[in-house]
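[1] Make a model of this:
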Amino acid sequence: MFEVLIVEDDPMVAMINKQYVSQNPHFHVADICKDGLSALEYLKTHLIHLVILDVYMPRSNGLTLLQEMRAENIDVSVIMVTAANDTATVEQALKLGIVDYLVKPFMSDRFQQALEKYLFIQQSIQRVTTFSQEHIDTLVGSTGEKVLEQLPKGIQTQTLDVVVDYLKTHKNQEHTAEEIADQIGLSRVTIRRYMNYLLETGKITGQMNYETGGRPCMVYRLG
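    The predicted structure is shown next:
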C-alpha cells in the first residue's frame, strides 16, 4: 500500500483527488495539506510515497515545495495536478523529476493512468535487479515504435508493456484477469480493460471457462 499526500488549497478539488486516489486499491490517502509550508513539515515527519501536488497555493506554491523537497532529500514521488500549463512551470516541474503532469480539468481515466504509471515504475524497480536497455526505454518512455503507437483512451504504454511481458513469461498458460491482476499488482478493473484491448487487437485469445464449479470466467492466452 502506497501512502499519498494531497497538497491542494481548494477543498472541492482536494476531495475529488482523494476520491480518484481511493479508487485504486494500491493507494491510501494519508492526509491533505492546503499549502506548501504545511506539506513540507508533514513530509518531514511522516512516511509518504507519493504527493499529488497543485502549483497555485498560498504561503508556498507547488514548485517551491517541490524544490524544497529535493533540497531536503525527501524521498517521495510527485504527480502534478494543476491548472498551470505555461511552458516555464511545466519545464521546471519536469526538471525536478515529477512522475506525471495533469492539467485541470481532466478525466478520471487520466488520473488513473498517472497512478498506474507510478505503480509501473515502482514495480519495475522492485522486480528487476539489472536493467536491459529495453527495460530502461520502457521505464522512461523514450521514443520508439511502442510509444508512437496510437493507443485508445485508457490504455497506457507502460502498463500495457507490463501486462504483455507477464503473458510472454507465462506464454503456455491460461490466465484469468483476476490472476493477472494479483500477480502484477494492478486492479482487476484495470486488467480487464487491457485484456479487452489485447483481444480486440488480436494479440491474445480468450474463451469462456465453464468448468470452474461456480460462475464462468474468461481465460486468456497469448497469441
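[2] Could you list every helix and strand in contact with the lengthiest helix in the chain?
    Longest helix in the chain, counting residues (DSSP state H): helix 108-127. Under the contact definition 3 or more C-beta pairs under 8 Å, 6 or more residues apart in numbering; DSSP states H and E, helix 108-127 sits against strand 2-7, helix 11-22, strand 77-82, strand 100-103, helix 133-140, helix 157-169. Every C-beta, even on glycine, is put in place using the N, C-alpha and C of the backbone.
[3] same question for the longest one, mean pLDDT?
    Mean pLDDT, computed over helix 157-169, is 84.
[4] tell me what that helix is packed against?
    Looks like helix 157-169 contacts helix 108-127, helix 133-140, helix 145-148, helix 177-184, helix 188-200, strand 217-222 (3+ C-beta pairs under 8 Å, 6+ apart).
[5] would you turn these into CSV with mean neighbour count and distance to Y210?
    Listed next are the helices and strands packed on helix 157-169 as CSV, based on neighbours: other C-beta atoms under 10 Å; distance: least, C-beta to C-beta, whole Å:
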stretch, mean neighbour count, distance to Y210
helix 108-127, 18, 32
helix 133-140, 14, 37
helix 145-148, 11, 36
helix 177-184, 17, 16
helix 188-200, 18, 18
strand 217-222, 17, 9
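[6] Mean pLDDT lowest where, among the ones you listed?
    Mean pLDDT per stretch puts helix 145-148 lowest among the helices and strands packed on helix 157-169, at a mean of 40.
[7] now the longest helix of the chain, how far from the centre of its chain.
    Distance of helix 108-127 from its chain centroid, counting by C-alpha atoms, centre = their mean, to the nearest Å, is 2 Å.
[8] sorry, back to before: quick one: which of the helices and strands packed on helix 108-127 is nearest L94?
    Ranking those by their distance to L94 (criterion: C-beta to C-beta) puts strand 100-103 first, at 7.3 Å.
[9] What mean pLDDT does the closest one get?
    Per-residue scores along strand 100-103 average to 92.
[10] Mind listing what's buried along that strand?
    For strand 100-103, a neighbour-count test (16 or more other C-beta atoms under 10 Å) marks 100-102 as buried.
[11] okay, those residues in TSV with distance to S60 next?
    Shown next, in TSV, are the buried residues of strand 100-103 (distance: C-beta to C-beta, whole Å):
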residue	distance to S60
D100	22
Y101	19
L102	21
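[12] which one of those is nearest S22?
    Closest to S22, out of all of those and judged by C-beta to C-beta, is L102, at 16.8 Å.
[13] Now do the domain split for the protein, please.
    What the record gives for the chain is the domain set 2-122, 135-222, from automatic domain parsing.
[14] Need the winner for burial among the ones you listed.
    domain 2-122 (a mean of 17; mean count of other C-beta atoms under 10 Å).
[15] how long is that one end to end?
    End-to-end distance for domain 2-122: 10 Å, by C-alpha to C-alpha, to the nearest Å.
[16] helices or strands up against the helix or strand encompassing T64?
    Counting by DSSP states H and E, the element that carries T64 is helix 62-71. In this structure, helix 62-71 packs against helix 36-45, strand 50-53, strand 77-82, helix 87-95, with contacts taken as 3+ C-beta pairs under 8 Å, 6+ apart.
[17] Lovely, talk soon.
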